[in-house]
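**Student:** Based on what follows, work out the 3D shape:
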Amino acid sequence: QVQLVESGGGLVQAGGSLRLSCAASGRAFSGYKMGWFRQAPGKEREFVAAITWSSGNTYYANSMKGRFTISRDNAKNTVYLQMNSLESEDTAVYYCAATYGYSLSPNGMDYWGKGTLVTVSS
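**Tutor:** Residues are numbered from 1 along each chain as shown. Down below sits the predicted model:
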């Protein structure tokens, strides 16, 4: 059974940093893309960043480039999202997801974690 378990969310002041983790288990993910999405209250779930597990190629939403960094640790089967210069607009539930396909839209994901809440206070 595939499990994606997020951790690292919490309350942070504007301008601060957080690192989210996603521990993946239940199958081999070598052919997958691992992604981070977020959903703010009253808004649709949106793409944040993704990484190809095998090659390490990365993809970012334009608004996150330069502030967020996605990485993975193959030995630990864990994907990270380093978030810097956080703004109140970054407040959301952050989800880890995995897809074997090419689409990076929420509808294209095969597996989802339950999410971790990030709250940025201004």
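
**Student:** what sits opposite the most centrally placed residue in the chain in the beta ladder?
**Tutor:** Using Cα atoms, centre = their mean, the residue of the chain that lies closest to the mean C-alpha position is residue 36, 2.2 Å off. Assessed by DSSP bridges, residue 36 has beta-bridge partners residue 49, residue 96.

**Student:** Go ahead and confirm it touches residue 46.
**Tutor:** No: using Cβ atoms under 8 Å, residue 36 makes no contact with residue 46, being 10.1 Å away. Yep, even glycine has a C-beta here, placed from its N, CA and C like the rest.

**Student:** Start from the N-terminal end of this protein and give the strands.
**Tutor:** 3-7, 10-13, 18-25, 33-39, 46-52, 58-60, 68-73, 78-83, 92-99, 111-112, 116-121 (DSSP state E).

**Student:** could you redo these as CSV and give each row mean pLDDT and distance to residue 105?
**Tutor:** Converted to CSV, those look like this (pLDDT from 0 to 100; distance: least, Cβ to Cβ, whole Å):
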stretch, mean pLDDT, distance to residue 105
strand 3-7, 98, 17
strand 10-13, 98, 28
strand 18-25, 97, 18
strand 33-39, 97, 9
strand 46-52, 97, 7
strand 58-60, 96, 12
strand 68-73, 97, 17
strand 78-83, 98, 18
strand 92-99, 97, 9
strand 111-112, 97, 13
strand 116-121, 98, 21
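
**Student:** ok, the closest residue to residue 14 other than its chain neighbours to residue 81 distance?
**Tutor:** Leaving aside its chain neighbours, residue 14 sits nearest to residue 122 (4.9 Å; criterion: Cβ to Cβ, 6 or more residues apart in numbering). Using Cβ to Cβ, to the nearest Å, residue 122 is found at 21 Å from residue 81.

**Student:** check contacts around residue 71.
**Tutor:** By Cβ atoms under 8 Å, 6 or more residues apart in numbering, the contact set of residue 71 is 51, 79-80, 82.

**Student:** Show me what it is bridged to.
**Tutor:** residue 80.

**Student:** circling back: for the residue nearest to the centre of the chain, list the residues it contacts.
**Tutor:** 20, 22, 48-50, 68, 70, 79, 81, 94-97.
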